[in-house]
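**Student:** one predicted model, sequence on top.
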Amino acid sequence: SPTGRLHWSRAMIHSMLLNPAYAGQALYGRRQSVPWRPPLHPPRGHDGLPRRSWRQVLAPPERHIRIAVPALIDEDLFVSVAEQLEENRRRSRERLAGIQYLLRGLLVCQKCGYGFTGYHPYGPRRYYRCCGTDRSRFHGAFRCSARLVAVDQLDEAVWTEVCRLLDNPKLVIAEYQRRLDAVQATPHRLERDALDRQLAKARRATERLIDSYTEGLIDKPEFEPRLTALRGRTARLEAEAKAHQEADEQVRSLHLVVGKLDLFAAMVHDRLAAADWATKRDIICT
């Protein structure tokens, strides 16, 4: 692959097949930045917090700027490939029409940490399948040995539990209060104050080091590594301070959510028995 890996990813190949630069038309502005939205569950191996507060998505065609470049393939070949990809997508959607998974994007495998996806083999039964058991994703290798989970049974079990909690919101409030007490029992405020003092000290040390170099008190070979170390320490402290701030904001937002839980339960109580799929999905995600 371009990055030196043994296999090419399907996403990379798909991106190449739809890149008009190969047919002689490079596009500027194919993507645009939009605010980051939290996923239904954190990606495997990540805590869910992004490095940036934005993400890139495909921009509308009217925002593209076309630039002529040397073509590597015929335009007719590029068009035929795009038509075939669209035909494949249409057929796949027709085959899966009417199949709905209530818990899509919400399930995580306890064995390997990969998410579960809907799996519909030939026949009436539907399942949730761990992505680690899908050999097509990992070039014929298994990453996990988790078994299939029947959709009907799991959806019914989860919906029954959601209804039980909404019938008695005090259960959720009690669990939230228990976790909140555990967090507040730790010297959280003392940690933040100590972190702020360390951060201010690191910034003052950086300023003094720069002043010393400007006045000629230290040489450049001594100045550069010390400045790099101080800036690295400052960056780590700033990241920790930001994490503490985000945790405090999350606690405040959860206070507001729990305060409105009784009202939400009262609003949806009469709709639970006759809820359709879309209503169940919205309530579960909420």
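**Tutor:** Good, I have the coordinates. What you see is a predicted model; the values in this text were computed from it and never measured. Numbering: from 1, shown residues only.

**Student:** show me where the stretch 1-150 of the chain has strands.
**Tutor:** Counting by DSSP state E, counting those that start in this stretch, the stretch 1-150 of the chain has strands at residues 25-28, 31-35, 54-58, 65-68, 116-119, 127-130, 149-150.

**Student:** of those, flag the one that's most buried.
**Tutor:** strand 127-130 (a mean of 22; mean count of other Cβ atoms under 10 Å). C-beta coordinates here come from the backbone N, C-alpha and C atoms, glycine included.

**Student:** so which of the strands of the stretch 1-150 of the chain is nearest residue 157?
**Tutor:** With Cβ to Cβ, the closest approach to residue 157 among the strands of the stretch 1-150 of the chain belongs to strand 149-150: 10.1 Å.

**Student:** so which elements touch the helix or strand following that closest one?
**Tutor:** Following strand 149-150 in sequence order, the next helix or strand is helix 151-167 (DSSP states H and E). Applying 3 or more Cβ pairs under 8 Å, 6 or more residues apart in numbering; DSSP states H and E, we find helix 151-167 packed against strand 127-130, helix 170-185, helix 261-268, helix 277-285.

**Student:** how about helix 151-167: buried residues?
**Tutor:** 151, 154, 155, 158, 159, 162, 163, 166 (16 or more other Cβ atoms under 10 Å).

**Student:** do stretch 214-221 as well
**Tutor:** By 16+ other Cβ under 10 Å, stretch 214-221 has no buried positions at all.

**Student:** that one: end-to-end distance?
**Tutor:** Start and end residues of stretch 214-221 are separated by 14 Å (Cα to Cα, to the nearest Å).

**Student:** ok, stretch 116-134 next?
**Tutor:** In stretch 116-134, first residue to last residue: 10 Å (Cα to Cα).
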